[in-house]
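> structure here, sequence nowhere to be found:
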């Protein structure tokens, strides 16, 4: 699946997948209509795939309806979700190109079936812009989530990843898509002698959740990718700086360094 609130994440060696029924209609020029029923997922309650990839019934089944429009100058996608007995969710994104800059705006809303003191109708907004200067791709994004107790990530993985454009490698949907989060991201990417290079910085701030590490998290990623023979190799060098890092108590800031190397072979 590839919808804003229910999608397959491919960052793990084994992706999360769904049992779902999907209907598509392309009768109208430039328009795709989608209806989907999502009943099972192989990652129950978190991003971790179940043993042997076993499917489990979702605690709350999902009905999704989407309309996608695209022509030479603009794209627009509108989605509505009914998460049974839990909430209604809505997603709208608009994209266009202005003076060589690709711009996208996102507005989303969640309306819980039961309103409580910590869970109310919530909104999320984001904007991103990308362009190319010579051989360098430049990208910047900002997102904000209201502090009404709702998360705007992937239903199938406990909101681990998100379609909000501010997500980093570790500073992902568990940070930027949480209630009360404000995040921004800048990225530059190029290719030199067959080697892909990307440098990005992500900042997430949140003073409304109990996890103090989310109060102010900074992440810098250097991503190096290259094809070696039949193998695709990607190395990520990461520095994270925020509360509770490197064994520090939640009231103190610290830093962590991570190295991730991913090798894949298509066959």
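Sure, I can see it. Everything numeric in this text was worked out from a predicted model, so none of it was measured.

> so where's the stretch 1-150 of the chain uncertain?
In the predicted model of the stretch 1-150 of the chain, residues 45, 117-118 satisfy pLDDT under 70.

> would you map the strands across it?
In the stretch 1-150 of the chain, the strands defined using DSSP state E, counting those that start in this stretch lie at 18-25, 31-41, 56-70, 74-83, 87-98, 101-112, 122-133, 136-145.

> surely residue 177 touches residue 153?
Yes. At 4.0 Å, residue 177 counts as touching residue 153 under the criterion of CB atoms under 8 Å. (Glycine included, C-beta is placed from N, CA and C.)

> residue 259 pairs with what?
Per DSSP bridges, the residues bridged to residue 259 are residue 237.

> contact partners for it?
Contact partners of residue 259, counting by CB atoms under 8 Å, 6 or more residues apart in numbering, are 235, 236, 237, 238.

> same list (the residues you listed) but as CSV, adding pLDDT.
Listed next are the contacts of residue 259 as CSV, based on pLDDT from 0 to 100:
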residue, pLDDT
235, 97
236, 97
237, 98
238, 97
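
> which of these lies closest to residue 149?
Checking those against residue 149 with CB to CB, the nearest one is residue 238 at 29.7 Å.

> which stretches in the stretch 101-250 of the chain count as helices?
Under the criterion DSSP state H, counting those that start in this stretch, helices of the stretch 101-250 of the chain are mapped to 173-176.

> circling back to that earlier point, what subset of the contacts of residue 259 is buried?
By neighbour count, with 16 or more other CB atoms under 10 Å, the contacts of residue 259 hold 236, 238 as buried.

> got any residues that touch both of residue 177 and residue 153?
Contacts common to residue 177 and residue 153, judged by CB under 8 Å, 6+ apart, are 159, 162.

> for residue 262, give me its contacts.
Applying CB under 8 Å, 6+ apart, the residues near residue 262 are 233, 234, 235, 236.

> can you do 7 Å?
residue 234 (CB atoms under 7 Å, 6 or more residues apart in numbering).

> going forward can the numbers begin at 16, since that is how I track them
Happy to do that; since the first residue is 16 now, the last one works out to residue 277.
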